[in-house]
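>>> Show me how the following folds:
(2 chains)
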Amino acid sequence: MVTGVDFLPGEYWKRRASQRDQFYLLAIGGALILLLLGSIGHETRKTGLIRQQLRSVDNEYQSVLDQMADVQRLEERQAPLAFNARFYALLRAHPSLSRVLAASAASCPPRLTLNTISVRGIHIADAEQKKSRGGPAEPAVAASAAAARREQLDRFAKEREHTRFTLHIVGVAETDLDVVSFVDRLERSECVTDLTFNVSEDSSSRTSELRKFTIQCRLTKVL
Amino acid sequence: MAANSRRNTLILVATMLVTVVLYVLLYWMPHNRQMARMQADIVDKRLKIDEQRLKLAQLPALHSDLALLETINRQMTERVPESINVREFVAAIYEMGERRGVSITSVTPQIATHLVTFQQQPVTLTLGGRFHAIVELLHELETTEHLVELTDIEVKPTAKPGETQGSLEVKVDVRLFARPIKPRLLSQTND
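The predicted model follows:
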């Protein structure tokens, strides 16, 4: 016969349940502390690895910097040499005027006389620069001596670039055809470019009908 | 009993929460900030290393450039003297003229000036003689040991009576150059 009598006291069960809950909570707390400690350990290990990486990168950077010091020394050694080399190259980028004279004489046909030959360097940029600046340019204040030297060299390079050598010839010929032949030969000599000429009657000659001519042209850059 | 248990539970939960919050605020966040800083530092340094390595790759080119520049500078040292010696130039031009049958009518040195850091000395020459001889002399002048630049040339027939036919007068403007004077040398000359 089954009776509804409770053999175990209710209070005992409640205490057991409360103890179990507290054990669970303690276990959860313990697990949490373990997790925190684990996380701290993990983070510390990660930090160690990163510190190690940083040290190795630092060492690498230092060694690269040491090598760069060599590059810098080379560059410092190179700078004055490059400056002189550029200046020398600019000096040498000058047409050979004797060759132009020789070419003029060699191109001259037999029935033609050259009275004057002149070769002159003209700065073509002067007028353009004044126009664009609206007046004379003020020299810029250079930060250092090296910068000032560089600026001077740049100015010299510009001056060289804007200098055009012109050949001016005045002479007399028997016919216009002789002049044209001379012009043609001169052009084919490849020493000159942009050639213009003018032929007129020679007023100084009364006995014969000579033709007076003037030729103007530009020397090619490199001769 | 139940109240006691509830209180203990609350204390435990609160302690856990405080621990977590303290962990996050006092350890995890500063630690992560420090790690991020270190990682950024690593990335930054790696970029710098790559950049420097690119420059380092130019080292062989720099060496060859330097060798080339040294050669050009040697050539320049040979062709541009340390100082302008007009007397030596005049002697050389007279010697050339004598050899080629060209008379040197006048030699007019102008004021020496600075060109970039170098020195330049304009000289005006008047030559007389036959065209071929003069052109040869001018060519020799252009290709002489020391750098001489011809700037202007004017060729005219000689107006003087008694001169041989075909004799010309040539006015030539030339420029002589010299290397920059080193400060050490300057101080030596001042002493």
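>>> Can you report how many residues neighbour residue A:87?
For residue A:87, the neighbour count with other Cβ atoms under 10 Å in any protein chain shown is 24. From N, CA and C alone the C-beta is placed, and that goes for glycine too.
>>> so what pLDDT did the spatially most central residue of chain B get?
Central residue of chain B (Cα atoms, centre = their mean): residue B:69, 9.7 Å from the mean position. What the model reports for residue B:69 is a pLDDT of 93.
>>> what's residue A:70 in contact with, if anything?
residue B:59 (Cβ atoms under 8 Å, 6 or more residues apart in numbering or on different chains).
>>> any idea how far it is from residue B:71?
21 Å (Cβ to Cβ, to the nearest Å).
>>> one step back: what helices or strands is the strand or helix carrying the residue nearest to the centre of chain B leaning on?
Per DSSP states H and E, residue B:69 falls inside helix B:59-79. Judged by 3 or more Cβ pairs under 8 Å, 6 or more residues apart in numbering or on different chains; DSSP states H and E, the packing partners of helix B:59-79 are helix A:10-92.
>>> average pLDDT across the helix it packs on?
On average, helix A:10-92 scores 88.
>>> tell me the contacts of residue A:89?
Contacts of residue A:89 by Cβ under 8 Å, 6+ apart are residue B:72.
>>> In chain B, what residue spans correspond to strands?
B:103-109, B:113-115, B:118-130, B:148-157, B:167-178 (DSSP state E).
>>> so how far is the helix ranked longest in chain B from its chain's centroid?
Ranked by residue count under DSSP state H, the longest helix found in chain B is helix B:29-56. Put simply, helix B:29-56 sits 36 Å off its chain's centre (Cα atoms, centre = their mean, to the nearest Å).
>>> try stretch B:112-122
On Cα atoms, centre = their mean, the centre of stretch B:112-122 falls 17 Å from that of its chain.
>>> Residue A:176 contacts residue A:211, correct?
Yes: the pair formed by residue A:176 and residue A:211 meets the contact definition of Cβ atoms under 8 Å, at 5.8 Å.
>>> Next, count neighbours for residue B:57.
Number of residues near residue B:57 (other Cβ under 10 Å) recorded here: 9.
>>> Contact partners for residue B:77?
Residue B:77 neighbours (Cβ under 8 Å, 6+ apart): residue B:179.
>>> Residue B:113 too?
Taking Cβ under 8 Å, 6+ apart as the definition, contacts of residue B:113 comprise B:119, B:120.
>>> Quickly list what it is bridged to.
When assigned by DSSP bridges, residue B:113 has beta-bridge partners residue B:120.
>>> Report pLDDT for it.
So residue B:113 comes in at 87 (pLDDT).
>>> distance of it from chain A?
From residue B:113 across to chain A, the span is 12 Å (Cβ to the nearest Cβ, to the nearest Å).
>>> rewinding a little: quick one: buried residues of the longest helix of chain B?
Judged by neighbour count (16 or more other Cβ atoms under 10 Å in any protein chain shown), helix B:29-56 contains these buried residues: B:31, B:38, B:42, B:45, B:49, B:52, B:56.
>>> Repeat that for stretch B:64-72.
Buried residues in stretch B:64-72 (16+ other Cβ under 10 Å): B:65, B:66, B:69, B:72.
>>> just stretch A:27-39 next, same as before
A:32, A:36.
>>> Outside of it itself, which residues are in contact with it?
B:12, B:15, B:16, B:19, B:20, B:23, B:28.
>>> change it to 7 Å
B:12, B:16, B:19, B:23 (Cβ atoms under 7 Å, 6 or more residues apart in numbering or on different chains).
>>> middle-most residue in chain A, spatially?
residue A:154 (13.0 Å).
>>> From the contact counts, what lies against the strand or helix carrying that one?
In the assignment (DSSP H and E), residue A:154 maps to helix A:145-161. Packing partners of helix A:145-161 (3 or more Cβ pairs under 7 Å, 6 or more residues apart in numbering or on different chains; DSSP states H and E): helix A:10-92.
>>> so the helix it packs on versus strand B:118-130, what angle?
Angle between the axes of helix A:10-92 and strand B:118-130 is 30 degrees (criterion: axes from the mean of the first three to the mean of the last three Cα atoms, to 10 degrees).
>>> Report the inter-axis angle for helix A:10-92 versus helix B:59-79.
Going by the same axes, to 10 degrees, helix A:10-92 makes 20 degrees with helix B:59-79.
>>> that older thread, look up how far residue B:81 lies from the residue nearest to the centre of chain B.
20 Å.
>>> three-state assignment of residue A:94?
Classification of residue A:94 using DSSP: H, G, I helix; E, B strand; the rest coil returns coil.
>>> residues contacting residue A:109?
Counted by Cβ under 7 Å, 6+ apart, residue A:109 has contacts A:178, A:181, A:182.
>>> Just the closest of those residues to residue A:56, please.
For these, the minimum distance to residue A:56 (Cβ to Cβ) is 78.5 Å, reached by residue A:182.
>>> and that closest one, that one's in a helix?
Yes: the assignment for residue A:182 is a helix, going by three-state DSSP.
>>> Quick check, it in contact with residue A:112.
Yes: counting by Cβ atoms under 7 Å, residue A:182 touches residue A:112, with 5.6 Å between them.
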